[in-house]
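# Turn this into a structure:
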Amino acid sequence: MTQLAAIQMTSGPRVPDNLEEAGRRIAAAAAAGARLVVLPENFALMPLDDADRLTAVEKDGSGPIQEFLAAQAKQHRLWIAGGTIPLAANDPGKVRAACLVFNDRGERVARYDKIHLFDVQLDNGETYRESSRFEPGNEVVVVETPYGKLGLAICYDLRFPELFRRLQEQGAEIFAVPAAFTAHTGKAHWEVLVRARAIENLVYVIAAAQDGRHVNGRETHGDSMIVNPWGEILARLPHGAGHAMAECDLARLQEVRRNLPSIRHRRLSS
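Okay, the predicted model is just below:
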């Protein structure tokens, strides 16, 4: 069995401060025995405005945020799914929200770019237009780890079950879902969506969230959690910085899939 950890933060507009905080949280999770750690969306930067995000954008393969993730993975000898970081896009006025995975030698082994962009007008008056700032990805990503096959998704992706079915069809046994759900939508939907994706696909879900009031005025929901293939919440951190940690038992996953073979009972293709 393997210890999984979902790290929760309240990131701000200064990359060095956020990396320092993330380093403390990764070290604490590693000291507690974590072997696979997931950071939240925007862990390195919750910008004040679009100009801040463009200033912090990194080229694929180089930059202080990527160097930090590689160093942390190597130092603590664990696997890290690095939340999201702003990587250069084809459109120079936009960025890619990329989740990078590093192995325990500090080598990058996967990159997933957020596919579904959060363009909404909520009933509490909040409006978000991620498509004005981000360029969407178009590739589904599953990576082999020593602890199971890891499927990658980001925040708003949670509302699109077809993505997670595709991940499961490609062999995923664990989903990493870094997020920065709004307080408003998170209160209504976060837990039920995380648990539904686990139940539908009979997988573990590591949901790592931003939490609290940020310097830019945004308020995020928090409630980082780890859910097993039966939909049970094994660990959660409702509020505050820290981590939620739980064991991943792939033998238990296979038992659930044998006893409730809903995946094999599908009649309609995705």
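
# Stretch 10-24: which residues count as buried?
Of the residues in stretch 10-24, 10, 11, 12, 13, 14, 15, 18, 19, 21, 22 count as buried by neighbour count, 16 or more other Cβ atoms under 10 Å. All C-beta atoms are positioned from the backbone trio N, CA, C, and that covers glycine.

# How far off centre is that stretch?
The gap between where stretch 10-24 is centred and where its chain is centred comes out at 16 Å by Cα atoms, centre = their mean, to the nearest Å.

# Spell out which helix or strand contains the residue nearest to residue 195 when sequence neighbours are not counted, please.
Nearest non-adjacent residue to residue 195, counting by Cβ to Cβ, 6 or more residues apart in numbering: residue 231, 4.7 Å away. Using DSSP states H and E, residue 231 falls within no helix or strand.

# Go ahead and confirm residue 231 touches residue 198.
Yes. Using Cβ atoms under 8 Å, residue 231 is in contact with residue 198, at 5.4 Å.

# so which of the buried residues of stretch 10-24 comes closest to residue 90?
Closest to residue 90 out of these is residue 15 (23.2 Å), distances taken as Cβ to Cβ.

# Isn't the closest one up against residue 46?
No. Counting by Cβ under 8 Å, residue 15 does not reach residue 46; the two are 10.2 Å apart.

# Same drill for residue 231 and residue 198, tell me which one is more crowded.
Neighbour count, other Cβ atoms under 10 Å: between residue 231 and residue 198, residue 198 has more, with 25 against 17.

# Helices of the stretch 51-200 of the chain, start to end?
64-76, 161-169, 183-185, 191-201 (DSSP state H, counting those that start in this stretch).

# would you turn those helices into a markdown table with distance to residue 119 and mean pLDDT?
Supplementary listing: the helices of the stretch 51-200 of the chain in a markdown table, determined by distance: least, Cβ to Cβ, whole Å; pLDDT from 0 to 100:
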| stretch | distance to residue 119 | mean pLDDT |
| --- | --- | --- |
| helix 64-76 | 25 | 98 |
| helix 161-169 | 17 | 97 |
| helix 183-185 | 13 | 96 |
| helix 191-201 | 18 | 98 |
